[in-house]
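Chemist: show me how the following folds:
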Amino acid sequence: MDEEYRSARESVVVGDRSYRARVRVTGKDRVGFLHNMLTNDVKQLVTGEGMPAALLTRLGKLVSDLIVYQLGEAVLLEMEPEGRDAVLESLSRYIVSEDVTLTDVSSEEGLFSVEGPRAAKLLAELLETDRDQDEERLAELPGFHFISARFGQRPIRLSAARHGPGAAFDVAVPVETAIDFLERLLEVGRPLDLRLAGWRALEIRRIEAGIPLLGTDMDASHLPLEAGLEEAISFTKGCYIGQEYVVRLAHRGHLNRKLAGIAISGRTVPKPADEIQGAGQTVGRVTSAAFSPTLEHPIAMGYLQRDFLPPGTALSILSNGSELAARVTELPFIRRP
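Modeler: Residues are numbered from 1 along each chain as shown. You can find the predicted model right below:
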């Protein structure tokens, strides 16, 4: 795992993200319908662009966070598998007379994450067109936007991703060619010190970047602003499901709890659900934690009560009968270059 993490930081790694759920939305009313359902301004997307968004309940609680891709002939929603059934059920409930069709296409594509400072170079080598131009185009691709290309005779989609504190891309390929694509990727990437990365190495990078994960750091009990999903919310687009509660909280100017970063002394990594204490009382619980090789100490995320959110606030974490000294720190722990 140490070598996988090092390669993600210094060269390039590839990970399998085919477990992610994807829903294809078609029909002439697809854009207007999604615009009225989701928290972000879907109407502004043109083909080749994407954005983060969320689907909420009428009470403003989280159904799922999403990535919305404008494919031109359809809109693609990508999410963690924990959110798929709830998203399909919630969206289907609101289709009345609109020409909108929802199709679960999760099994139709393989999805690979290519991460690290050499990620753009590796993918440009793989495309085998104008390598210098392709590398520059990929390196300058805005977050969540994508370019369409071909692998052999098959279409592929390369999107700028945010999985950790460094450069990352997601590559979607037809499932029938996924193994061939991975083999070719490993062959081309050998001179670039490419490594396969397992879940744990990529999980450390996610936590370092302060990215909340559905089912781990957020669920149906959370409001999107509590989970730090501000980038997924438009405050100018108009109405959507749950908007009233989001606007009310934003105008109030504070939350009773929010996901925060926690830096921990020593080398012991706490576990999810470990109790966080401050001023002699329980003020939250750990949701994600890892040892950061870059920072050389454990880090964690957890929801803290409002009075304990300021960076530098002293905390302690109760873990396996031990009390770990900690302090609040801003997210992300490590910022993207």
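Chemist: and the worst-scoring helix or strand of the chain on mean pLDDT, what does it pack onto?
Modeler: Ranked by mean pLDDT, DSSP states H and E, the weakest helix or strand in the chain is helix 131-139, scoring a mean of 88. Secondary-structure packing of helix 131-139 (3 or more Cβ pairs under 8 Å, 6 or more residues apart in numbering; DSSP states H and E): helix 119-127. All C-beta spots, glycine's among them, are computed from the backbone N, C-alpha and C.
Chemist: going by neighbour count, list what's buried in the helix it packs on.
Modeler: Under the neighbour-count criterion of 16 or more other Cβ atoms under 10 Å, helix 119-127 has 119, 120, 121, 122, 123, 124, 125, 126, 127 buried.
Chemist: check what pLDDT residue 238 gets.
Modeler: Here, the pLDDT recorded for residue 238 equals 89.
Chemist: cool, and residue 251?
Modeler: So, for residue 251, pLDDT stands at 87.
Chemist: got the CA positions of the helix or strand where it lies in CSV?
Modeler: Residue 251 is part of helix 243-252, with elements assigned from DSSP states H and E. What follows is helix 243-252 as a C-alpha-only set of coordinates in CSV (Å, rounded to 0.1, in the frame of the first residue of the first chain):
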residue,chain,number,x,y,z
GLN,A,243,-34.4,24.4,-1.8
GLU,A,244,-36.4,26.2,0.9
TYR,A,245,-34.4,24.5,3.6
VAL,A,246,-31.0,25.1,1.9
VAL,A,247,-31.7,28.8,1.4
ARG,A,248,-32.9,29.2,5.0
LEU,A,249,-29.8,27.6,6.4
ALA,A,250,-27.6,29.7,4.1
HIS,A,251,-29.3,32.9,5.1
ARG,A,252,-29.1,32.0,8.8
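Chemist: and the next helix or strand past that helix?
Modeler: Once the chain leaves helix 243-252, the next helix or strand it forms, by DSSP H and E, is strand 257-264.
Chemist: chain center to the helix or strand following that following strand: distance?
Modeler: On the C-terminal side of strand 257-264, the closest following helix or strand by DSSP H and E is strand 275-278. Mean C-alpha position of strand 275-278 versus that of the full chain (Cα atoms, centre = their mean, to the nearest Å) differs by 27 Å.
Chemist: and stretch 12-21, by the same measure?
Modeler: Distance of stretch 12-21 from its chain centroid, counting by Cα atoms, centre = their mean, is 12 Å.
Chemist: I am finished for the moment; much appreciated.
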